[in-house]
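[1] below are the sequence and a predicted model; questions follow.
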Amino acid sequence: MESLLPLIISLLSGAGGGNLAGKLMPKLSLGTLGNSLAGILGGGLGSQLLGMAGIAAGGGGMDIASILGSVAGGGVGGGVLMAIVGMIQKAMAK
């Protein structure tokens, strides 16, 4: 269960990051549900990529560095993926 908590934090942070990006970039927004889903996926991917790159604290521990790494990786990953999906959707609508 301890190793699952950073993943859950990343996914929730990703949903928050996706929705925040949707608010900051309304022309790329996918709506609340779309922003959340893209953010959750991006949050999981972002956290994993940062962990593999050694930027985020690894090991799945419960120290503050691991939690902050999960929040940062999830939030940024969620926002970035939401923006990418929004740009693709906007380009396809033309």
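    That came through, no problem.
[2] and the longest helix for the chain?
    Longest helix in the chain, counting residues (DSSP state H): helix 64-93.
[3] list the buried ones in that helix?
    66-67, 69-83, 85-86 (16 or more other Cβ atoms under 10 Å). To be clear about C-beta, it is placed using only N, CA and C from the backbone, and glycine gets the same treatment.
[4] tell me, what's the model's pLDDT at Gly16?
    With respect to pLDDT, Gly16 has a value of 95.
[5] didn't it look like it was pressed against Gly42?
    No: look at Gly16 against Gly42 with Cβ atoms under 8 Å: they stay out of range, at 11.1 Å.
[6] quick one: common contacting residues for these two?
    Gly78 (Cβ atoms under 8 Å, 6 or more residues apart in numbering).
[7] could you list the low-pLDDT ranges of this protein?
    Where the chain drops to pLDDT under 70, the residues are 1-2, 55-62.
[8] quick check: Ser36 touching Asn19?
    Yes: with contacts defined as Cβ under 8 Å, Ser36 counts as touching Asn19 at a distance of 6.1 Å.
[9] any idea how far Ile64 is from Val80?
    24 Å (Cβ to Cβ, to the nearest Å).
[10] again but with Pro26, I slipped
    Distance from Pro26 to Ile64, by Cβ to Cβ: 34 Å.
[11] try Val85
    According to Cβ to Cβ, Val85 and Ile64 sit 31 Å apart.
[12] now swap in Ala21 and tell me
    From Ala21 to Ile64 the distance is 25 Å (Cβ to Cβ).
[13] likewise Met52?
    The separation that Met52 has from Ile64, given Cβ to Cβ, amounts to 21 Å.
[14] repeat for Ile8
    Applying Cβ to Cβ to Ile8 and Ile64 gives a distance of 17 Å.
[15] and stretch 3-16, which residues are buried?
    6-7, 9-16.
[16] cool, and stretch 29-37?
    Buried-residue list, stretch 29-37, by 16+ other Cβ under 10 Å: 29-30, 34-37.
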